[in-house]
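>>> kindly generate the corresponding structure for this input.
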Amino acid sequence: MAGKFEPKTPVNLNPPKDDLISPEFLATCNGVDGALCYVAIKGKVFDVTGNKAYQPGGSYHVFAGHDASRALGMTSTKAEDVRPDWYDLPEDKKGVLEDWLTFFTKRYNIVGLVEGAKNT
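Below is the predicted model:
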């Protein structure tokens, strides 16, 4: 379906970066005290700093500073599901994860790749 994930308001995105981002640095990008706010999906790191939903107190803050692939595929906001591994998800959940990846790609700048990610 064309346009299924298109933002309501056009977004001008920078070209995706492939800089390596350590898991330790990613963990600091959680939006706390005005810090950057990043969410990774399948090893790609997205800058969600401008979206209040990912900031402290927001409904998706649990994802901030993490690769949230598994949780997104499962449509879960439980902290224990916020993990990078997704290979063993059922096919329908893998499809949900791909939809989230498409959604983020159309809205947020890719600022790098998680160093050592095996879940790309």
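>>> pLDDT on the longest strand seen in the chain, on average?
Using DSSP state E, we find that the single longest strand of the chain is strand 109-114. For strand 109-114, mean pLDDT is 98.
>>> next: stretch 50-66.
The model assigns stretch 50-66 a mean pLDDT of 97.
>>> distance between the ends of that stretch?
This stretch, stretch 50-66, spans 17 Å end to end (Cα to Cα, to the nearest Å).
>>> packing partners of the longest strand of the chain?
strand 20-21, strand 44-47 (3 or more Cβ pairs under 8 Å, 6 or more residues apart in numbering; DSSP states H and E). Every residue, glycine included, has its C-beta placed from N, CA and C.
>>> mind checking how far that strand is from the chain centre?
Relative to the centre of its chain, strand 109-114 is centred 9 Å away, using Cα atoms, centre = their mean, to the nearest Å.
>>> stretch 22-32 too?
With Cα atoms, centre = their mean, you get 12 Å for stretch 22-32.
>>> give me the mean pLDDT for the helix ranked longest in the chain.
With secondary structure taken from DSSP state H, the chain has its longest helix at helix 91-105. In this model, helix 91-105 carries a mean pLDDT of 96.
>>> tilt between that helix and strand 109-114?
If you take axes from the mean of the first three to the mean of the last three Cα atoms, to 10 degrees, helix 91-105 sits at 130 degrees to strand 109-114.
>>> got a list of contacts for helix 91-105?
Helix 91-105 has contacts (Cβ atoms under 8 Å, 6 or more residues apart in numbering) with 5, 39, 41-42, 44, 46, 69, 72-75, 86, 89.
>>> over to stretch 70-89?
Applying Cβ under 8 Å, 6+ apart, the contact partners of stretch 70-89 are 40-43, 59-60, 62-63, 66-69, 93-94, 96-97, 100, 114, 117-119.
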